[in-house]
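Peer 1: Just need the structure, nothing else, for what follows:
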Amino acid sequence: MILKPASGAGSAGVYRADNYDEAIKAFHIITADLTANSNLNWNPGCVKNTCLVEELLVGPEFDTDILMWDSKPVYVRTVDNWECLPPYFLETGSNMPSIHPPGLVEALEKYAVDCVVALGFNFGCFHVECIVTSEGPRLIE
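Peer 2: Purely as a prediction, here's the structure:
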């Protein structure tokens, strides 16, 4: 699983836990970091929700940028993220255009647009992060 602070940016404070003991340790580190680091705890939502727990998704990671205008995607471009390395899973680089097969990128871009639409958005700029697993694309954030 992946544990991360409920606020912050840039993969700060993100940990992978492969068992219960590692999850407990990561949780305690994250809560201590939120207490000590004002750059992490600026979000008022952190008062009661300090830590997010996510499924560990395995596969290549992508960022899809979308410009929606009048409920239609007028710009959709995907960037390949290079492997994120522990301990914080920071991106180590990227490719644009994608080096992955066009069919995969097209399916990913459709999925990203579908996520934006499913959330009820019809106007604006969106940065959608996904991992393509053996079961297909999965939304990260």
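Peer 1: only C-alpha atoms for contact and neighbour calcs from this point on.
Peer 2: Noted.
Peer 1: in stretch 99-112, what's buried?
Peer 2: 105, 108, 109, 111, 112 (16 or more other CA atoms under 10 Å).
Peer 1: Excluding chain neighbours, what is closest to residue 78?
Peer 2: residue 64 (4.3 Å; CA to CA, 6 or more residues apart in numbering).
Peer 1: show me the contacts for residue 81.
Peer 2: 60, 61, 62, 63, 91, 92, 93, 94, 95 (CA atoms under 8 Å, 6 or more residues apart in numbering).
Peer 1: Show the model's pLDDT score for the last one.
Peer 2: Yep, that's residue 95 we're talking about. Looking at residue 95, its pLDDT reads 87.
Peer 1: In space, what's closest to it - neighbours in sequence excluded?
Peer 2: residue 80 (5.0 Å).
Peer 1: what about that neighbour, which helix or strand?
Peer 2: In this assignment (DSSP states H and E), residue 80 forms part of strand 72-81.
Peer 1: Convert that strand to CSV, retaining C-alpha atoms only.
Peer 2: The C-alpha coordinates for strand 72-81 follow below in CSV (Å, rounded to 0.1, in the frame of the first residue of the first chain):
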residue,chain,number,x,y,z
LYS,A,72,-15.5,19.0,-24.6
PRO,A,73,-11.8,18.2,-24.3
VAL,A,74,-10.0,20.7,-26.6
TYR,A,75,-6.5,19.7,-25.5
VAL,A,76,-5.3,16.3,-24.3
ARG,A,77,-1.6,15.4,-24.0
THR,A,78,0.1,12.6,-22.1
VAL,A,79,3.5,12.5,-20.5
ASP,A,80,5.3,9.3,-19.5
ASN,A,81,6.7,9.5,-16.0
